[in-house]
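Chemist: Sequence and predicted structure below; questions after.
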Amino acid sequence: MKITGIDTTLVEVPLDEPIGTAIHSIASVGCVLVEVRTAEDITGQSFVFTINAARLWAFDEMIRGLAHAAIGRDPHETEGIWHDLWVEVNPTGHKGVTISAMSAIDIACWDAVGRAASLPLHKLFGSCRTEIATYASSGLWLSTPLDRLAAEAAAFVERGFQAIKLRLGRDRIADDVARVRTVREAIGPDIGLLVDANQKFSPKHAIALGRKLEEFDLVWFEEPVAAGNLTGHAEVRAALTTPIASGETEYTRYGMQAMIDAGAADILMPDLQRIGGYTEFHKAAATAAANHLPVSTHFFTEHSLAVAGSTANCVSVEHIDWFAPLFVEEIELDDGKLVIPERPGTGFTFAPDLADRFPLR
């Protein structure tokens, strides 16, 4: 096989309604759709995104600027292509847009490899499961009023989810406690409840809040403090019995290693776009496993299933529905778990006419 070209298409997918977290106001997601073309007419696909399509052109420019490292090569050379790109981006930096562009190229190459072999990627990687735990993450935002939380939480349970995530971030501890109590009472004791502060708090505030929340038997407390404050993460982790989850804003295995060295989290959360694609995800997950830590994938639900199905220490995949309109196929939820697709490659194919349906505004 030989890669003959890498094409990009920019789209903007609106959310059903604007939402807010402690640090975000989100009305849409802008996506760079990537297609790796081969001489054998096999195409591999991937995407990266930005909130509200902000600075999306920078991502597109970086992908197209790095495409030459893959064009003319066999997409099976994923390790070699990744390494060469890593060396090339050294002057620009090993975090941020450079890594996101590398991720897009890497995932698309792997998708082409799977399609060429007519095998799902989790089997090519070495499968360990056919389904994976998940949690509903497309609701219960900080912008959701208290009087809507109970009905929204109950609706997720009615759809079959066995765990759901609630965003926190109010200035008053009592207000966040009330949000958690409302949801826990709505879903009962047997449904998993996760909370995410989206980096809102100081360590002291997070610890005070976390202690108030321990009665609600939370699955985890996510990003309680600023992502870069690894010492603060460790302080919160040491003070609470609730597990701390974090890592979605870290880049590559080295970012995961820094969190491990700091004792910053009980569950690491690699994000496919930031971690460096499939090639680097497995290294990051192996780093976590060597330190007896689980991982749970962040966003990218569809494309994360391939690594979840081939990573023994992956405990869950975040279910976010923002990107569902991009694909022909739908995610399958079975008894609260996501089914790992048996279709070739990632198992998901871009829907036709996305540029016409979701033009970049």
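Modeler: That came through fine.

Chemist: Flag every buried residue along stretch 65-78.
Modeler: For stretch 65-78, a neighbour-count test (16 or more other C-beta atoms under 10 Å) marks 66, 67, 69, 70, 73, 74, 75, 77, 78 as buried. The C-beta positions use only the backbone N, C-alpha and C, and glycine is treated the same way.

Chemist: Then stretch 139-151?
Modeler: 139, 140, 141, 142, 143, 144, 149.

Chemist: Narrow those residues to those in helices?
Modeler: Among these, the members falling in helices (DSSP state H) are residue 149.

Chemist: Out of the buried residues of stretch 139-151, which is nearest to residue 353?
Modeler: Of all the buried residues of stretch 139-151, the one with the least separation from residue 353 (C-beta to C-beta) is residue 139, at 28.2 Å.

Chemist: Please dump the buried residues of stretch 65-78 into JSON lines; it should also carry pLDDT and secondary structure for every row.
Modeler: Shown next, in JSON lines, are these (pLDDT from 0 to 100; DSSP: H, G, I helix; E, B strand; the rest coil):
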{"residue": "66", "pLDDT": "98", "secondary structure": "helix"}
{"residue": "67", "pLDDT": "98", "secondary structure": "helix"}
{"residue": "69", "pLDDT": "96", "secondary structure": "helix"}
{"residue": "70", "pLDDT": "98", "secondary structure": "coil"}
{"residue": "73", "pLDDT": "98", "secondary structure": "coil"}
{"residue": "74", "pLDDT": "98", "secondary structure": "coil"}
{"residue": "75", "pLDDT": "98", "secondary structure": "coil"}
{"residue": "77", "pLDDT": "98", "secondary structure": "coil"}
{"residue": "78", "pLDDT": "98", "secondary structure": "helix"}
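
Chemist: With distance to residue 40 as added columns, please give those in TSV.
Modeler: Below are the buried residues of stretch 65-78 laid out as TSV (distance: C-beta to C-beta, whole Å):
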residue	distance to residue 40
66	22
67	18
69	20
70	15
73	14
74	10
75	10
77	15
78	17
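
Chemist: which of those residues sit farthest apart?
Modeler: 66 and 74 (17.2 Å).

Chemist: Confirm for me that residue 251 is in contact with residue 97.
Modeler: No - using C-beta atoms under 8 Å, residue 251 is not in contact with residue 97; the gap is 10.7 Å.

Chemist: Can you check which residues contact both of these two?
Modeler: Common neighbours of residue 251 and residue 97 are not found (criterion: C-beta atoms under 8 Å, 6 or more residues apart in numbering).

Chemist: ok, the two, which is more surrounded?
Modeler: residue 251 (25 against 20; other C-beta atoms under 10 Å).

Chemist: May I see the buried residues of the longest helix seen in the chain?
Modeler: If you go by DSSP H, the chain has its longest helix at helix 97-117. Using 16+ other C-beta under 10 Å as the test for burial, helix 97-117 gives 97-116.

Chemist: next one: stretch 29-44
Modeler: Within stretch 29-44, the residues that count as buried by 16+ other C-beta under 10 Å are 29-38, 42-44.

Chemist: same question for stretch 10-30, mean pLDDT?
Modeler: For stretch 10-30, the mean per-residue pLDDT is 96.

Chemist: gap between that stretch and the chain center?
Modeler: 15 Å (C-alpha atoms, centre = their mean, to the nearest Å).

Chemist: Now residue 190: which helix or strand?
Modeler: When elements are assigned from DSSP states H and E, residue 190 belongs to no helix and no strand.

Chemist: what angle sits between the helix or strand harbouring residue 261 and helix 97-117?
Modeler: Using DSSP H and E, residue 261 maps to helix 252-262. With axes from the mean of the first three to the mean of the last three C-alpha atoms, to 10 degrees as the basis, helix 252-262 and helix 97-117 are set at 120 degrees to each other.
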